[in-house]
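In: Task: produce atomic coordinates for the following.
(3 chains)
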Amino acid sequence: MKRKTLYQLFIHGFLILSVFIIAFPVLYALITSTLSFSDAFSYPPKLVPGRHFFENAAEAWNRVHMGRLMFNSAVVSVSVAVVKIILSLMAAFAYTHFRFRGQGLLFALCMVTQMLPLPVRIVPTFELMRAFGWIDTYWALTVPFFASTTGILLFRQFFLTVPRDLSDAARVDGAGPMRYFFQILIPISKTNIAALFVIEFIFMWSQYLWPLIVTNSREMRVVQIGLKMLLASEQQAPEWNVIMAGTVIAMLPPLIVLIIFRRSFAQGIAMQTEK
Amino acid sequence: MKRIFGIAALALVVISGWAFAQVEITWWHAMSGARLGVVESIVDEFNATHPGIVVKPLFTGSYAETLTKFIAAYRTGTAPNLVQVYEVGTQTMIDSGAIIPVYQLPEMFGEEWDWGQYIIPILNYYSVDGNLWSMPFNSSTAMLYYNKDLFAKAGLDPNKPPTTWAEVEEVGKKLLESGVVEHVLSFGWPGWIFEQMHAYHNQLFANNDNGRSGLATKVLFNQDFGVMVLNTWTRLAQEGIFLYGGPEYSANQAFISGQIAMLIQSTSSLAGIEKASDFEVGTSFLPRFEGYPMGNSVIGGASLWVTKGQSEAELKAVWEFLKFLGRTEIAIQWHKGTGYFPTVNSAVKALLDEGWFSKDQNFLTAFLQILSGRRDTAAAAGVRLGPFVEIRELERAAIEKAVSGVMSPKEALDEAAQKANQLLEEYAKVAGS
Amino acid sequence: MPQDRFPGHRLLPYLLVFPSLAVIVVFLIIPFIQSVKMSFYKMSPFGTRLIYVGFDNYRQLFSSPDYLHSVVITLIFSVFVILVGLGLSLAIALALNQRIRGKGFYQVALIWTYALSPAVAGTIWALMFAPATGIMPYIISKLSGGYKLNWMTNPTVALLVVSAAATWKMLGYNIVFYIAGLQNVPGELLEAARVDGAGPWQTFWRVTFPMLSPTTTFLLFVNMLYAFFQVFGLIDIMTRGGPGNATEILVYKLYRDGFIHLKSGYAAAQSFVIFIVIAVLAVLQLRVATRKAVYAR
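Out: Next up, the predicted model:
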């Protein structure tokens, strides 16, 4: 019994330390968002929360019209996450459960094209958006992100470890590949799907440079641009309290998504092989 | 009867359509933080008083991001009517072939415009051969801020800030000895301050009249003067007096929280610094190097450029807006809201008249510095370089290397100068018009 | 080697990969080709002049001592980010997978940091480490009896801080996938190992870690992409590649040259070089990992 509690204590200690170190910047943001303008500049830095959160948050919200920004970010993040997952599942399925001509090459192509750094791709892709007439639309914000190296790779690696017996059993049962895909493969991929959804959502939520280049109107902008608007430009004294309040607001939807999906990726599912 | 009614209705629609036909002007800028609010209220005022024109300001990121976005947009035919570009982008814009120089606008509409109403050093900065190419908008220069309370604590006279670098060293030693601070002086934007020192002492930074009579082909900052400046800063760093403040504005934090006693920073930071600090803030001219001539401090900030390829109606609207920005009361509003210089002389006079400067002497320092300096030499006007952004980074890298002891100041500056000259050569080949 | 588990379906695989490929070809390959083309030219910022220079950009690149320096810095940086990142997040994920109370809270707290806006994260780290006013130098000076941490004048410290910040940023990401991966370790195997008398350490290396290999392969690849390609924003905010050029990793150099200095041809050449290097590394890495996965079966 004693060993167990000691062990528990060790784990808790390790986790608390980790949380403190890792979440420190977020804690810092949280605390600063509650301070007044001048308190945010004191030294040693103030680590006790103040009482100004709501006024800072209101200021941040109104100044950059957060509502619209959050709406756009939500639309973009959810649609890209969903489409990306679907497309990646399909492609990974093809690459691991079939043999077809050009397979290796096509897979390599999928992997390799994302290795060209974004800064160089931005202007040519922008010109493409212009050609399609997609500038300042949701299309430009979402479609280029639909194909994902990471998604395909994630599911491919996972599918490679799925035992042949499963697909053989399905075939014996008279099921076609797509039925197998939907009824067996996807359910056992649940944890990875949930994890990928959370990650892709947050990844899209944190996009700044591409939306900046590709949108020209207030109505289409995203949360990250709003946050940049709060950050001081050159040589001003930044209003840390307002900036951090805006940051905290911007972090709420990702938090919600994380809480909703946590059970899905952090809860084990028994391998149903014996059944 | 019906017919007359119908015609009248039609006429009404046509007339109202014409009356409400609005010219839309898009303006891309990089003003964030509190300045964003001031931009928007000025634009709202313009829109309200100019029916028929709607100016739509859009924040498009940092200066670099704004310029990149502008270029991408221009090349695809989706550029805005007006764009704010930082001062280091001036030569690039001049060579771009994408803009209409501002001085040509009044001529287009048969108007006479007195360019002398703008503050001369700012006007000179953005002019080519005496003609103004971009409209001054947000200009500032650098000055010395100091903590009067800390000075008093260290036994120094809070109303006598150092005026030369020798005095900075003296005062610095006393402040360190008294133990009130661990470091004395800091500044950000090292490249800008390095250039300030040159212009302030009427030293050319590059050849061809600082790049103003023709494209600069050689930098001069690794000559005796530049080396002397960097030697001084390096020595001050070794003595613990100078604390290098990073590439941008992190030095502000140190000053506001009382960790250092002196700060060299943009004049536009004054209001923010006074608001955030809980001690008495003093300001003074930039410290001088004794024995060198007088020049002027350099303009920093950005200006507004008018895009080519607009319709005449749009150009007229843009011109109306630019004129509006130069109105005395608007210039004053901009200055009071952001701390940047008002662009027109009449505004300075009005501010003097209303006693703005006697309320807070600090606001006067910046003006006195720039208005009392030389305005007739290329060296005092500030340098103009094609690959300016990159060269400023070379300056920064050189200063960092010297101050952290990786290289001697002379070596660091020579290395930077050699690279800078290569950049200038390449620029002339590829981008120079 | 992928097996043909559903023989006879000739068209289906092509249909399945088609949507992904369509997007990739249009949005990634076309810009890719244009960018490669661009690397053989020098262009004025506004595109008014396009000068063909052959391999000049590449020549300039390889003969520049700064470039070699940048390569070294990038390697050090990437190795740090990948090894420390994966190691730390695995440890944390293991801890988060234990039966303890408050698991959910810890998980959320540790993963949520991934959602911090990159611009703000970089700004906070810069604030935390600012020489005279940051909380970290303060703590370190108290703990070490006066050592003044100054990343703006110490190249090594700067690289360390920047590497730590970049690693930190990805921890949430890595932890999510490790937790998900751990769920797929069959309970029976762990139970069997316990019954066999294996201690926790052995169980981990013999059972858990091998079962995590799809996740590890994936994360290795992603972190490599991240370290090599995505951190330019962070460096821009924190150090601008300084002091001197101590933190000028390859992708930051390229970002600056392309975006800020407006030298598109030169930036394109740099990106093509990185591309070749990473493509080779990635192919090698995946080959090895795939072979291992097959053996594990």
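
In: remind me which residues of chain B are low pLDDT?
Out: Scanning chain B for pLDDT under 70 picks out B:1, B:6, B:9, B:11-20, B:433.

In: For residue B:197, which non-adjacent residue is spatially closest?
Out: Counting by CB to CB, 6 or more residues apart in numbering or on different chains, residue B:229 is the residue found nearest to residue B:197 once chain neighbours are left out, at 4.9 Å. All C-beta spots, glycine's among them, are computed from the backbone N, C-alpha and C.

In: can you give me how far the helix or strand bottoming out on mean pLDDT in chain C is from the chain middle?
Out: Least confident helix or strand, chain C: helix C:200-203 with a mean of 80, by mean pLDDT, DSSP states H and E. Mean C-alpha position of helix C:200-203 versus that of the full chain (CA atoms, centre = their mean, to the nearest Å) differs by 29 Å.

In: re the thing from before, go ahead and list the helix or strand containing the residue nearest to residue B:197.
Out: Using DSSP states H and E, residue B:229 sits in helix B:224-238.

In: Which residues does that helix contact?
Out: B:165, B:168-169, B:172, B:185, B:194, B:197-198, B:201, B:203, B:220, B:242-244, B:289, B:292, B:398-399, B:402-403, B:409-410, B:412-413, C:153 (CB atoms under 8 Å, 6 or more residues apart in numbering or on different chains).

In: Show me those residues that map onto helices.
Out: B:165, B:168-169, B:172, B:194, B:197-198, B:398-399, B:402-403, B:409-410, B:412-413 (DSSP state H).

In: Nearest to chain A among the residues you listed?
Out: Chain A lies nearest to residue B:194 out of these, by CB to the nearest CB, at 16.2 Å.

In: Distance of the closest one relative to chain C?
Out: From residue B:194 across to chain C, the span is 15 Å (CB to the nearest CB, to the nearest Å).

In: Would you check that that residue makes contact with residue B:395?
Out: Yes: when contacts are counted by CB atoms under 8 Å, residue B:194 is listed as touching residue B:395 (5.2 Å).

In: overlap in contacts of those two?
Out: Contacts common to residue B:194 and residue B:395, judged by CB under 8 Å, 6+ apart, are residue B:221.

In: and residue B:310, what is it in contact with?
Out: B:81, B:318.

In: swap that for residue B:303, sorry
Out: Counting by CB under 8 Å, 6+ apart, residue B:303 touches B:84, B:85, B:87, B:90, B:126, B:134, B:135, B:136, B:137, B:138, B:139.

In: let's see it at 10 Å
Out: Listed by CB atoms under 10 Å, 6 or more residues apart in numbering or on different chains, the contact set of residue B:303 reads B:83-87, B:89-90, B:93, B:102, B:122, B:125-126, B:132-139, B:343.

In: just the residues you listed that are near chain A?
Out: Among the contacts of residue B:303, the ones lying near chain A by CB under 10 Å from any CB of the partner chain are B:86, B:138.

In: Just the CA trace of the helix holding residue B:229, in PDB.
Out: Presented in PDB, the C-alpha positions along helix B:224-238 are these (Å, rounded to 0.1, in the frame of the first residue of the first chain):
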ATOM      1  CA  ASP B 224      36.600  56.700 -37.900                       C
ATOM      2  CA  PHE B 225      33.400  58.200 -36.600                       C
ATOM      3  CA  GLY B 226      31.300  55.000 -36.600                       C
ATOM      4  CA  VAL B 227      34.100  53.100 -35.000                       C
ATOM      5  CA  MET B 228      34.400  55.700 -32.300                       C
ATOM      6  CA  VAL B 229      30.700  55.500 -31.600                       C
ATOM      7  CA  LEU B 230      30.700  51.700 -31.300                       C
ATOM      8  CA  ASN B 231      33.900  51.800 -29.300                       C
ATOM      9  CA  THR B 232      32.200  54.100 -26.800                       C
ATOM     10  CA  TRP B 233      29.100  51.900 -26.500                       C
ATOM     11  CA  THR B 234      31.300  48.800 -26.100                       C
ATOM     12  CA  ARG B 235      33.300  50.400 -23.400                       C
ATOM     13  CA  LEU B 236      30.200  51.600 -21.600                       C
ATOM     14  CA  ALA B 237      28.800  48.100 -21.800                       C
ATOM     15  CA  GLN B 238      32.000  46.700 -20.300                       C
END
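
In: From the chain's centroid, how far away is that helix?
Out: The answer for helix B:224-238 is 25 Å, by CA atoms, centre = their mean.

In: Check stretch C:236-245 too.
Out: Relative to its parent chain, stretch C:236-245 has a centroid offset of 19 Å by CA atoms, centre = their mean.

In: before we move on, what about stretch C:224-231?
Out: Here stretch C:224-231 shows a centroid-to-chain-centroid distance of 4 Å under the convention CA atoms, centre = their mean.

In: That stretch and chain B in contact?
Out: No: applying CB under 10 Å from any CB, one finds stretch C:224-231 separated from chain B by no less than 16.9 Å.

In: Taking helix B:224-238 as reference, get the angle to the helix or strand hosting residue B:418.
Out: Residue B:418 belongs to helix B:409-430 when elements are defined using DSSP H and E. Taking axes from the mean of the first three to the mean of the last three CA atoms, to 10 degrees, one finds helix B:409-430 and helix B:224-238 inclined to each other by 130 degrees.

In: all helices for chain A, in order.
Out: With DSSP H as the criterion, chain A has helices at A:2-32, A:53-64, A:66-97, A:103-112, A:118-132, A:138-142, A:149-160, A:164-172, A:177-180, A:186-188, A:190-205, A:209-214, A:223-230, A:240-266.

In: In the chain, which residue is most central in space?
Out: Since no chain was named, I'll use chain A. residue A:202 (2.4 Å; CA atoms, centre = their mean).

In: switch to chain C, that's the one I care about
Out: In chain C, the centroid-proximal residue (CA atoms, centre = their mean) is residue C:226; its distance is 2.4 Å.

In: OK, contacts around it?
Out: A:150, C:78, C:81, C:82, C:85, C:166, C:167, C:169, C:170, C:173, C:174, C:219.

In: And it, how close does it get to chain B?
Out: Look at residue C:226 and chain B: by CB to the nearest CB, they are 22 Å apart.

In: Check that residue and give its pLDDT.
Out: At residue C:226, the pLDDT value in this model is 91.

In: same thing with residue A:30?
Out: Reading off the model, residue A:30 has pLDDT 88.

In: State the number of residues packed around it.
Out: 17 (other CB atoms under 10 Å in any protein chain shown).

In: likewise residue B:59?
Out: Per other CB under 10 Å, the neighbour tally for residue B:59 reads 24.

In: mind listing what's buried in the helix holding residue B:229?
Out: B:225, B:226, B:227, B:228, B:229, B:230, B:232, B:233, B:234, B:236, B:237 (16 or more other CB atoms under 10 Å in any protein chain shown).

In: ok, of the residues you listed, which one's closest to chain C?
Out: Using CB to the nearest CB, residue B:237 comes nearest to chain C of those, at 7.7 Å.

In: From residue B:78, how far out is the nearest residue to residue B:259 once chain neighbours are set aside?
Out: Nearest non-adjacent residue to residue B:259, counting by CB to CB, 6+ apart: residue C:132, 4.0 Å away. Distance, residue C:132 to residue B:78, using CB to CB, to the nearest Å: 45 Å.
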